[in-house]
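Engineer: The following block contains a protein sequence and its predicted model.
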Amino acid sequence: MNPVDFSINGSFLEHRGRKLFYLLLEPVAASAQGSILFLPPFAEEMNKSRHIVASQAREFAAAGHRVMLLDVTGCGDAGGDFSDASWQVWLEDALFAADKLVAMGAVPLNLWGLRLGALLACEVSRLRSDVQQLLLWQPVLNGEQQIDQFLRLKTMVSAVNGTVSFDRKTLWSELRAGRSLEVAGYDLSSAMALELAKVRLNDLNPVCQQVHWLEISALSGDTFPVAAQSVISHWQQQGVNVGKRSIAGDPFWRTVDAGINASLQQCSSDVLALQ
């Protein structure tokens with residue numbers, strides 16, 4: 001891959017008073033022959049995975065895709081506070097970004113989501129008729145699972161500091177009582193937590209030609225987590241065309257400065273190769 005094969009530009013989208021930041025990567029030798037919208041993971045997972053996502057986006061752009069890396073409301077370089085965001089707001093952000101990307105002229109439109117962003121990609125696909133493929137990296141199976149994993153950060157900090165410990169039941173009781181929680185520098189609102197807790201991947205049957213589900217695990221092979229396979233089987237019964245692959249690697253969304261997973265990168269480039 002040569003840097004002169006693609007360009008990178010950053011800009012903002014204005015939508016309903018919200019300011020969304022994005023990076024746009026485009027091939028320079030010829031016109032883009034397809035578009036990919038990336039939808040990010042939740043909170044700190046987005047920051048830890050940025051360099052991995054950026055590396056993959058460069059590969060896509062060099063191969064002829066126009067790629068938009070979106071920061072949704074309250075996240076990254078987008079405007080707004082994390083505490084004011086919600087699943088519905090992020091869905092509106094994603095739909096608006098997809099409109100703008102399609103208006104730039106490179107079709108077909110493909111969606112690429114990491115972790116919670118994979119759920120968002122599935123939701124977007126159900127509301128549009130122009131999505132051709134989904135690339136899902138390590139999808140979170142439901143929003144409640146995502147919030148649980150996020151809350152563990154608070155428990156870990158409390159344990160290290162020797163302060164009062166927090167358990168899951170106590171934390172969820174606080175949220176259900178309408179109170180916000182500060183977790184790892186993020187102000188998690190009760191509204192966001194309760195809204196996300198209702199979102200389940202099993203209910204979000206994608207509407208597109210092809211879904212590519214990539215799991216990162218300690219060992220590669222065809223073996224999938226039972227819960228993930230259950231969702232895939234349900235989708236297939238609903239007529240969704242799902243291709244799955246398990247790729248050996250570390251959970252880079254949990255680690256600062258994780259190394260590039262060459263197998264994940266190559267597989268992703270292969271499945272979204274321009275026809």
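Structural biologist: Received, thanks.

Engineer: only C-alpha atoms for contact and neighbour calcs from this point on.
Structural biologist: Fine.

Engineer: What segments of the stretch 101-250 of the chain are strands?
Structural biologist: For the stretch 101-250 of the chain, strands defined by DSSP state E, counting those that start in this stretch occupy the ranges 109-114, 131-137, 181-183, 186-188, 210-217, 242-248.

Engineer: which residues of the stretch 51-200 of the chain fall in helices?
Structural biologist: Taking DSSP state H, counting those that start in this stretch, the helices of the stretch 51-200 of the chain run over residues 87-103, 116-127, 143-161, 168-176, 190-196.

Engineer: Tell me which of these lies nearest to residue 261.
Structural biologist: helix 116-127 (18.7 Å; Cα to Cα).

Engineer: So which elements touch that closest one?
Structural biologist: If you count contacts as 3 or more Cα pairs under 8 Å, 6 or more residues apart in numbering; DSSP states H and E, helix 116-127 packs onto strand 34-39, helix 87-103, strand 109-114, strand 131-137.

Engineer: Output the last one as CSV, restricted to C-alpha atoms.
Structural biologist: Read it as strand 131-137. Taking Å, rounded to 0.1, in the frame of the first residue of the first chain, the C-alpha atoms of strand 131-137 are listed here in CSV:
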residue,chain,number,x,y,z
VAL,A,131,-27.0,-1.2,1.7
GLN,A,132,-25.3,-4.0,-0.2
GLN,A,133,-23.0,-5.6,2.5
LEU,A,134,-22.3,-5.5,6.2
LEU,A,135,-18.9,-6.1,7.7
LEU,A,136,-19.3,-6.8,11.4
TRP,A,137,-16.2,-6.9,13.7
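
Engineer: Not counting that strand itself, show me its contacts.
Structural biologist: The contact list for strand 131-137 (Cα atoms under 8 Å, 6 or more residues apart in numbering) reads 108-115, 118, 121-122, 125, 207-216, 268, 272.

Engineer: what about burial for these, which qualify?
Structural biologist: The neighbour-count test (16 or more other Cα atoms under 10 Å) marks 108-115, 118, 121-122, 125, 207-208, 210-216, 268, 272 as buried among the contacts of strand 131-137.

Engineer: got the contact list for residue 74?
Structural biologist: Residue 74 sits next to 80, 81, 82, 83, 84, 85 when contact means Cα under 8 Å, 6+ apart.

Engineer: Of all pairs in those, which one spans the longest distance?
Structural biologist: Spanning the widest gap among the contacts of residue 74 are 80 and 83, at 8.5 Å by Cα to Cα.
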